[in-house]
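S.K.: Got a predicted structure plus its sequence, pasted below:
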Amino acid sequence: MITLDRLVNVLGGYGVRLYGRPEARSAWLRSVAIPDSTDHHVAGDLLLAVGASSLAEAVRWAAADKATAVLVRPPRTGDESGSDADVEREAAAIADQYGVAVLLADPAVSWSQLAGVVYGLVLESRETASGRGPTDLFALADNLADVIGGAVTIEDRHSQVLAYSRSQQAGDPARLETILGRRVPERLRELFRRQEVFTRLAATNEPVFVPADAGHGLTGRMAVAVRAGRELLGSVWVSCADPLTGARRRALVDGARTVALHLLRSRASADLERQVESDLVIRLLEGSADAATVISRLGLAPRAIRVIAVRAYTPEDRHAALLLALEQATTGFGWSRPGRSALLGDTLYTILPAERAEVARQWIAGLRSELPAQVRVMAGIGAPAEAADLAAGRQEADECLALHESAESGAVPPAYDESWDDILLRRLRAAARTGRAPARGPVSALLRHDTRHGTCFVATLRAWLESQGDLTLAAERLGVHPNTVRNRLRKMDELSPLDLYDARRRLAMTIMLAALEDEPRR
């Protein structure tokens, strides 16, 4: 059971669009029906209009059966039936006429794939990415290996291993390394890139043969793309010394289509779980929820929680890597993951039960290790907070993220409770850059004098204040004689009264100096 709104949100990833009856978005879908060739009157909340000769016929079937919505595959663009825009206008009009919500599917996605996703969501919406889908993939890999006579590996589009057969027929060191690392090693990926294997898989549905390479511990491979419509979902690889032919080749191609159905159902279920999780996490981060109830629904213990803000990108793409990070952060059953995540704008937020900052850093390191080598990951960690204070934790994580992005390469992600002083100085400097620092006063006057005359009065004042008035210590900081510091202070006081014996004045000058970029210490 699922609402139409959630179904549309998930199916939107496969090019499905909703027309007409916006009020039906909140309707619950409890059943799915496909018209029979001899009897179209089959009851169901959602009708899959397989066999309908036109959009109008599909909607009439749905209206006659009192269905809430109907899923239709319109003709391809360029068909004599008209353009996409014409089909969309017709869908909106006929939906309002008959009172049935119309879902238009991408013509490139097959009915079998659409049906697999819809049935999985409506009838089995509790299934998750770590549930039946991957379990079935292992069984499918075993079946393919038995039919084809070679060891099988099923991978996603990022060369991460989803499933593999128990069979070791024609197995080799490269396969073992791939399975143990749960991802094709980078050296093998580079070899496949040089041989344009990935390019050919992206361009064709036909199997691609990869010759043996003893130097990489690789026997021959036959690979075929796993596709849903135009989208590449992954690939199936079979160990073999020579290119597959005949029945074995057909079995590999047919197996890839079956894998596509499994991946679509698994991803749709995972997308649904991600949406539910994301909604709850966002409510916590925005402070608009009964925090204790939401934390309980997320399956987290009511103890200290940190907010982690993450940005992931490559030089070529600032979006795909972030989506990959979200997918990795939310893979698996909710209860098997330590944190809960949501994507807001260009930032991935994760709420993680953790008293120590090092636990959060280990989580970030684990996420980083699962992403491709070229992805750059920046992160910030909020201080431990109660569930009701996670909105403030989000702001802390954002500020620590900005601090990490401005830090030198290789710096560890900062945590607010360890870096609050750096955050405060960053805030002060941001205020100073916007012109909110006093334009008049002792520090401003000394800055202007240093700029015009090449003196170092500001550095001297900073050293004296940091040394708490100790002339000897201030002189050591500056690398000059104590008398030099004394003479500078006298000249500075003549230029603008410093009132160094007034504690409030000293505090104000210390704060203003901290708000400024560091000056040379001479």
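M.R.: All right, it came through fine.
S.K.: After the helix of greatest length in the chain, which helix or strand is next?
M.R.: Longest helix in the chain, counting residues (DSSP state H): helix 246-285. Going down the chain from helix 246-285, the next helix or strand is helix 291-297, by DSSP states H and E.
S.K.: Against which helices or strands is that following helix packed?
M.R.: Here helix 291-297 touches helix 246-285, going by 3 or more Cβ pairs under 8 Å, 6 or more residues apart in numbering; DSSP states H and E. From N, CA and C alone the C-beta is placed, and that goes for glycine too.
S.K.: pLDDT of the longest helix of the chain, averaged?
M.R.: Per-residue pLDDT values over helix 246-285 give a mean of 83.
S.K.: ok, now stretch 195-212?
M.R.: Mean predicted lDDT for stretch 195-212 stands at 93.
S.K.: which element follows the helix or strand where residue 97 lies toward the C-terminus?
M.R.: Under the criterion DSSP H and E, the helix or strand holding residue 97 is helix 84-98. For helix 84-98, the following helix or strand on the C-terminal side (DSSP H and E) is strand 101-104.
S.K.: So in that sheet, which strands flank that next one, and in what orientation?
M.R.: Looking at strand 101-104 with DSSP bridges, its partner strands are strand 17-19 (antiparallel), strand 69-72 (parallel).
S.K.: do you know how far residue 452 is from residue 493?
M.R.: Residue 452 sits 18 Å away from residue 493, going by Cβ to Cβ, to the nearest Å.
S.K.: and if you look at residue 324?
M.R.: For residue 324, the distance to residue 493 - Cβ to Cβ - is 60 Å.
S.K.: repeat for residue 142
M.R.: Per Cβ to Cβ, residue 142 is found 86 Å from residue 493.
S.K.: Neighbour count: those two, which is higher?
M.R.: Legend: neighbour count by other Cβ atoms under 10 Å for residue 142 and residue 493, higher for residue 142 (16 against 13).
S.K.: To which secondary structure element is the more buried one assigned?
M.R.: If you go by DSSP H and E, residue 142 is part of helix 132-148.
S.K.: After that helix, heading C-terminal, what element do we hit next?
M.R.: Counting by DSSP H and E, the next helix or strand C-terminal to helix 132-148 is strand 152-156.
S.K.: Which other helices and strands does that next one contact?
M.R.: When contacts are defined as 3+ Cβ pairs under 8 Å, 6+ apart, strand 152-156 packs onto helix 132-148, strand 161-164, helix 173-181, strand 231-239.
S.K.: Per-residue confidence, the residue sitting nearest the centre point of the chain, what does it come out as?
M.R.: Per Cα atoms, centre = their mean, the C-alpha nearest to the average position across the chain is that of residue 326, at 2.4 Å. Note on residue 326: pLDDT of 87.
S.K.: Relative to residue 312, how far out is it?
M.R.: Counting by Cβ to Cβ - residue 326 and residue 312 are separated by 9 Å.
S.K.: Could you name every residue contacting both of these two?
M.R.: Contact criterion Cβ atoms under 8 Å, 6 or more residues apart in numbering; residues shared by residue 326 and residue 312: residue 348.
S.K.: what distance separates the helix holding residue 97 from the centre of its chain?
M.R.: 35 Å (Cα atoms, centre = their mean, to the nearest Å).
S.K.: now stretch 451-460
M.R.: That offset, for stretch 451-460, works out to 49 Å (Cα atoms, centre = their mean).
S.K.: what's the helix or strand for the nearest residue to residue 515 once chain neighbours are set aside?
M.R.: For residue 515, ignoring the flanking residues on the chain, the nearest one in space by Cβ to Cβ, 6 or more residues apart in numbering is residue 428 at 3.6 Å. Under the criterion of DSSP H and E, residue 428 resides in helix 416-433.
S.K.: Next, the buried residues of that helix.
M.R.: Buried residues in helix 416-433, counted by 16 or more other Cβ atoms under 10 Å: 416-417, 419, 423, 425-426, 428-429, 432.
S.K.: Tell me the one of these nearest residue 255?
M.R.: In terms of Cβ to Cβ, no member of those lies closer to residue 255 than residue 416, at 50.3 Å.
S.K.: Span of stretch 361-376 from start to end?
M.R.: Here the two ends of stretch 361-376 are set 15 Å apart, with distance taken as Cα to Cα, to the nearest Å.
S.K.: buried stuff in that stretch?
M.R.: So for stretch 361-376, counting by 16+ other Cβ under 10 Å, buried means 361, 363-364, 367-368, 370-371, 375.
S.K.: and the helix or strand residue 209 falls within, how far from the chain's centre?
M.R.: Element membership of residue 209, judged by DSSP H and E, is strand 208-210. Its chain's average C-alpha position is 32 Å from that of strand 208-210, according to Cα atoms, centre = their mean.
S.K.: I'd like to know which elements it is packed against.
M.R.: In this structure, strand 208-210 packs against helix 197-203, strand 221-228, with contacts taken as 3+ Cβ pairs under 8 Å, 6+ apart.
S.K.: just so I know, which of those lies nearest residue 489?
M.R.: Among those, helix 197-203 sits nearest to residue 489 (Cβ to Cβ), with 68.2 Å.
S.K.: chain center to that closest one, what's the gap?
M.R.: The mean C-alpha position of helix 197-203 is separated from the chain mean by 25 Å, Cα atoms, centre = their mean.
S.K.: Please apply the same query to stretch 303-318.
M.R.: 8 Å.
S.K.: Please name the residues that touch the residue nearest to the centre of the chain.
M.R.: The contact partners of residue 326, taken as Cβ under 8 Å, 6+ apart, are 274, 341, 343, 348.
S.K.: That one sits in which helix or strand?
M.R.: Counting by DSSP H and E, residue 326 is part of helix 320-329.
S.K.: quick one on the thing from earlier: could you check how far the longest helix of the chain is from the centre of its chain?
M.R.: 16 Å.
S.K.: Enumerate the positions of that helix that are buried.
M.R.: The neighbour-count check on helix 246-285 (16+ other Cβ under 10 Å) flags 248-249, 251-252, 255-274, 277-278, 280-285 as buried.
S.K.: Report all helices and strands that the helix holding residue 97 contacts.
M.R.: Packed against helix 84-98 by the contact rule (3+ Cβ pairs under 8 Å, 6+ apart) you find strand 17-19, helix 55-64, strand 101-104.
S.K.: same thing but 10 Å
M.R.: On a contact count with 3 or more Cβ pairs under 10 Å, 6 or more residues apart in numbering; DSSP states H and E, helix 84-98 meets strand 17-19, helix 55-64, strand 69-72, strand 101-104.
S.K.: rewinding a little: report the buried residues of the helix holding residue 326.
M.R.: For helix 320-329, burial by neighbour count (16+ other Cβ under 10 Å) applies to 321-322, 324-329.
S.K.: now residue 312: how far from residue 284?
M.R.: Distance from residue 312 to residue 284, counting by Cβ to Cβ: 22 Å.
S.K.: hang on, I meant residue 15
M.R.: 32 Å.
S.K.: cool, residue 409 as well?
M.R.: From residue 409 to residue 284 the distance is 32 Å (Cβ to Cβ).
S.K.: cool, and residue 53?
M.R.: 50 Å.
S.K.: mind listing what residue 139 touches?
M.R.: Under the criterion of Cβ atoms under 10 Å, 6 or more residues apart in numbering, the contact list for residue 139 reads 163, 165, 262.
S.K.: Could you dump the residues you listed into a markdown table and include distance to residue 72?
M.R.: Compiled in a markdown table, the contacts of residue 139 are given as follows (distance: Cβ to Cβ, whole Å):
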| residue | distance to residue 72 |
| --- | --- |
| 163 | 33 |
| 165 | 38 |
| 262 | 25 |
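S.K.: quick check: mean pLDDT across the helix or strand hosting residue 452?
M.R.: Assigned by DSSP H and E, residue 452 belongs to helix 442-453. The pLDDT scores in helix 442-453 average 89.
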